[in-house]
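# dropping the sequence and predicted coords here.
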Amino acid sequence: MTTRRRRLGSESEQFSHGSIVTPQHSFIAENPSLSAGYYPDNKTNSFRSFPIEEHNMPRERTLEFNNVIRSLQGRNIVRAVAAKDVRKAQFVQNYGEFMLIAKTIGKNISSTYAKLEKLTLLAKRKSLFNDKPTEIQELTYIIKEDLNSLNQQIAKLQQVAHHQRNVISTGHQHLLSHSSSVVLALQSKLASMSTEFKNVLEVRTENLKQAKSRREQYSGGGAPSSLPPATMSGPHHQGSVLLADEQCAIDMSDPQQQQQQQQRQLMLYEDQTDQFVQSRAETMQNIE
């Protein structure tokens, strides 16, 4: 008698009735949301593509970082104040005050540098018609006051650093070194700015001297010496047509009144020059 084999069906039928379970099928059974992407499409017989998440572009997070730093610094100050170690709390408070003063001084130095750059551009102008003496004097006075104020602020910062040195603990030597470096950096910036201010005043004084000499040269009267001798003398001397026109234009007004007006303008310019030279001398003494 022949042995009959039991027909179990084709592989597709087994898959449809769920008689064969593979690891992939068990994973999909546990995660039903993935079944749509795993099983082939009946029409196209191809796997459906999963959606690809787009990566976010990098963004500026400096402000968030600064906020985190401020928050941590505030926590440290609160912990130090709430701690029983009064010496440590006092040191943390002094260091916070030191950094606040140093930040203010840095902003003031930047503002004074901007004013000094503007003064440099105005002082280097050599044209008499483009000169602005009033604005230059105002900027000179403002910068001089700023330098004196910055000097006092740095002196106060040194006092705070010296007080830190008295209450310093063994574990904060790096903070003390940082404070000393900050003071030295601010002092060097102030010294370089004072030197640049001194150079600008010297350039301005030299330009004023040159302008004064040019005014004296052209206000002396008479014809220029560069004219040919034939136009100045000779038996048939008639003078230049341009000079004759100029003489006619001058004769239309009172010569004495015009001369007085020229003298007043020259005296006014000399007064402005003397005032600037005197102001520059006082500024140089303060800087030194």
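Perfect, thanks for sending it. Computed from a predicted model, the values in this text were never measured in an experiment.
# so, low pLDDT: which residues of the stretch 101-250 of the chain?
127-130, 167-172, 220-250 (pLDDT under 70).
# which parts of it are helices?
Assigned helices in the stretch 101-250 of the chain, in chain order: 133-166, 173-218, 241-251 (criterion: DSSP state H, counting those that start in this stretch).
# ok, which of those comes nearest residue 119?
Evaluated over the helices of the stretch 101-250 of the chain, closeness to residue 119 peaks at helix 133-166, with 4.4 Å, by Cβ to Cβ. The way it works is simple: take the backbone N, C-alpha and C, and place the C-beta from them, glycine included.
# any buried residues in that closest one, and which?
Across helix 133-166, burial judged by 16 or more other Cβ atoms under 10 Å covers 136, 139-140, 143-144, 146-147, 150, 153-154, 157, 160-161, 164.
# what's the farthest-apart pair in these?
Farthest-apart pair in those is 136 and 164; separation 41.8 Å (Cβ to Cβ).
# separation between residue 154 and residue 116?
Distance, residue 154 to residue 116, by Cβ to Cβ, to the nearest Å: 17 Å.
# please apply the same query to residue 67.
From residue 67 to residue 116 the distance is 34 Å (Cβ to Cβ).
# nearest to residue 97, of the helices of the stretch 101-250 of the chain?
helix 133-166 (6.0 Å).
# follow-up on the earlier one: please produce CSV containing the helices of the stretch 101-250 of the chain, extended by distance to residue 279.
Below are the helices of the stretch 101-250 of the chain laid out as CSV (distance: least, Cβ to Cβ, whole Å):
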stretch, distance to residue 279
helix 133-166, 6
helix 173-218, 9
helix 241-251, 37
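# closest to residue 98 out of those helices?
helix 133-166 (4.7 Å).
# that closest one versus helix 173-218: what angle between them?
If you take axes from the mean of the first three to the mean of the last three Cα atoms, to 10 degrees, helix 133-166 sits at 160 degrees to helix 173-218.
# name the helices or strands packed onto helix 133-166?
In terms of contacts (3 or more Cβ pairs under 8 Å, 6 or more residues apart in numbering; DSSP states H and E), helix 133-166 is packed against helix 86-123, helix 173-218, helix 255-287.
# try it again at 6 Å.
When contacts are defined as 3 or more Cβ pairs under 6 Å, 6 or more residues apart in numbering; DSSP states H and E, helix 133-166 sits against helix 86-123, helix 173-218.
# what would the ones you listed look like in a markdown table with distance to residue 132 and mean neighbour count?
Listed next are the helices and strands packed on helix 133-166 as a markdown table, based on distance: least, Cβ to Cβ, whole Å; neighbours: other Cβ atoms under 10 Å:
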| stretch | distance to residue 132 | mean neighbour count |
| --- | --- | --- |
| helix 86-123 | 6 | 16 |
| helix 173-218 | 11 | 15 |
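# can you say which of those is nearest to residue 72?
When the helices and strands packed on helix 133-166 are compared by Cβ to Cβ, helix 86-123 sits nearest residue 72, at 12.5 Å.
# the closest one to helix 173-218, inter-axis angle?
Using the same axes, to 10 degrees: helix 86-123 against helix 173-218 is 20 degrees.
# who does helix 86-123 touch, helix- and strand-wise?
Contact here means 3+ Cβ pairs under 6 Å, 6+ apart; on that basis helix 86-123 packs against helix 62-82, helix 133-166, helix 173-218.
# buried residues in stretch 58-75?
Quick answer for stretch 58-75: no buried residues (16+ other Cβ under 10 Å).
# can we start the residue count at 311 from this point?
Understood, numbering begins at 311; the last thing we discussed is stretch 368-385.
# pull the CA atoms of stretch 492-501 into CSV?
The C-alpha coordinates for stretch 492-501 follow below in CSV (Å, rounded to 0.1, in the frame of the first residue of the first chain):
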residue,chain,number,x,y,z
VAL,A,492,41.5,92.9,32.5
VAL,A,493,42.9,95.9,34.3
LEU,A,494,46.1,95.9,32.3
ALA,A,495,44.2,95.6,29.0
LEU,A,496,42.0,98.6,29.8
GLN,A,497,45.0,100.6,30.9
SER,A,498,46.8,99.9,27.7
LYS,A,499,43.8,100.9,25.6
LEU,A,500,43.5,104.1,27.5
ALA,A,501,47.2,104.9,27.0
